[in-house]
Structure formats: structure tokens, C-alpha cells
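Undergrad: predicted model and sequence follow; I will ask about them next.
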Amino acid sequence: MEVLNIKNLTKVYGSKSGGIKYTALHDINLMVEEGEFLAVMGPSGSGKTTLLNVISTIDKPTSGTVLVDGKDIAKLKEPKLSSFRREKLGFIFQNFNLLDTMTLKENIVLPLSLANVSYKTVQSRLEELSLKIGIKNVLNKYPYEVSGGQRQRAAVIRAIITEPSLILGDEPTGALDSKSAKEVLNCLDELNNNKATILMVTHDAFAASYCKRVVFIKDGKLFNEIYRGDKTRTDFYENILKILSVIGGDNSDIG
């Protein structure tokens, strides 16, 4: 079953009154099936962040459609759009986006509180996920009292506790050291093995090597895509680096 279906997506920035226009995305077609783990990569300015912004409803397409669970998200108006975003999409940001005035537990359950989910359901989901992702012992601490890896794992739980159809990651390991990054990637890998559908934008070939498929964007157009298949993660990593070298730059400066 498809979770995300992008058809002929184009995004143009600029004045409607004859000023300079910039086409960030050109006729993008992309489908993501339930249970996929997909990375989107490309050089700085390639359009990958714009693509994520459109999928996440932060921005609207100039033309084309973006369907999430069969719904054309560009046609949704408030308050239905906010409800759809809260129920169907989970977000993992590079800089955690946790509130320092709230404990990790309070940060995690906030989306469920806003959705008026019962206390019993909230506690059940929190217990299960905090044990699975390994931060149960720090739930009552504040974000500034724990490590970056623990903050990001809390952010991962917050993203998935609403049981969204699609989890979106914006450089989810970009602010982490290598050890913490591996911990978070292992969490995402385990979630995907339990049927979570994940799409993340990343500059990091190591992070992308955890995915099942990598889509490359260059100059606002789909350039290539590769599947991990039965390759080892090491072999897939090398394959990703080869594609990055073709579209410009290397793993240290792809942005």
C-alpha cells in the first residue's frame, strides 16, 4: 500500500508580477510504499529540503499533487490541515526541537495531549516506546540534563507516539556525534523493521546506508535512485558515495 504518492510536483519561488523566478523542483514523481525506509540526498541547493517542506505541509506545490494516505495535502485547509499533520505525519528534526521547560516525558506526550488521547493510552505507548528505544530511565529529566543522543531518541519517540503513517526526518543525525548517531539510526532501523514508514533528508552517506532506498536529487530533478536489496550496509555505503561523487562533491560537503 502506498503511503506517499508525488505526481508531477513543481515548486517555483519568485514574484508573480514578472520578477525573478527560481524553480526549486521540476516535475518530481515519487512513490513511497508502506514500510519503506527512504533517504533523499543531493548537493546543496538541489531541492531536497524544498521537497521535504512540501511533503510536510510547510510549503505548497506550485503544480502537481502530493498524496499522503490518498489525501491531497495541498487541498487541506485549517483546522483540518493541523489535524492531518498531527495524526498522519511524525517529525524528527536535526536540533531536536524539544522544549527545555518540559521533561523528556512531557515533550514526548505533548502531541497526544493536544489530540486529547486518553491517559491510559498515553501511558501505555510511552512505556512501550521508552523501553524499546532505551530512555525510560531519563524520562523525568529535562533536555539540557541528558546527552544529544538521548534528546534525539526522545524526539524519535515523540514523532512516532501518535502512530503516524509517515515519519519525516530532517538531517536527524546532523547534530550528533558518531556514537549517538549510530544509536539513533539503529532506533530508526528497528522502527522500520516493525513496519514504520520513514523518509529522511540527509547529507550523510553513512546515515543513508541504513535505508532500503536512496533517491538522489540534482538541480531540482530526480537524478537517480538505488536500492540496498541484499547488499551489506558497507557495500551500500560505497555505492552511495559513488553516486554522490558523480552529482558533485563528496560525503563531507554534500548539503
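TA: That came through, no problem. Numbers count the residues shown, from 1 in each chain.
Undergrad: show me where pLDDT drops low in the stretch 101-250 of the chain?
TA: Along the stretch 101-250 of the chain, the parts satisfying pLDDT under 70 run over 249-250.
Undergrad: which non-adjacent residue is nearest Ser63?
TA: Spatial nearest neighbour of Ser63, excluding adjacent residues (Cβ to Cβ, 6 or more residues apart in numbering): Thr10 at 4.7 Å. From N, CA and C alone the C-beta is placed, and that goes for glycine too.
Undergrad: does that neighbour count as helix, strand or coil?
TA: With DSSP: H, G, I helix; E, B strand; the rest coil as the basis, the three-state label of Thr10 is strand.
Undergrad: model confidence for it, exactly?
TA: On pLDDT, Thr10 comes in at 97.
Undergrad: what's the answer for Ile254, then?
TA: 36.
Undergrad: need the CA coordinates for the helix or strand hosting Phe206. PDB is fine.
TA: Following DSSP states H and E, one finds Phe206 within helix 205-208. C-alpha atoms of helix 205-208 as PDB (Å, rounded to 0.1, in the frame of the first residue of the first chain):
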ATOM      1  CA  ALA A 205      26.100   8.600   3.300                       C
ATOM      2  CA  PHE A 206      26.600   6.700   6.500                       C
ATOM      3  CA  ALA A 207      23.100   7.600   7.700                       C
ATOM      4  CA  ALA A 208      21.600   6.800   4.200                       C
END
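Undergrad: I would like the residues contacting the helix or strand just after it, please.
TA: Downstream of helix 205-208, the first helix or strand assigned by DSSP H and E is strand 213-218. For strand 213-218, the surrounding residues in contact (Cβ atoms under 8 Å, 6 or more residues apart in numbering) are 28, 30, 36-43, 46-48, 51, 208, 222-228, 240, 243-244, 247-248.
Undergrad: just the buried subset of these, written out for ChimeraX, thanks.
TA: Buried residues within the contacts of strand 213-218, by 16 or more other Cβ atoms under 10 Å, are selected in ChimeraX with:
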select :28,30,36,37,38,39,40,41,42,43,46,47,48,51,208,222,223,226,228,240,243,244,247
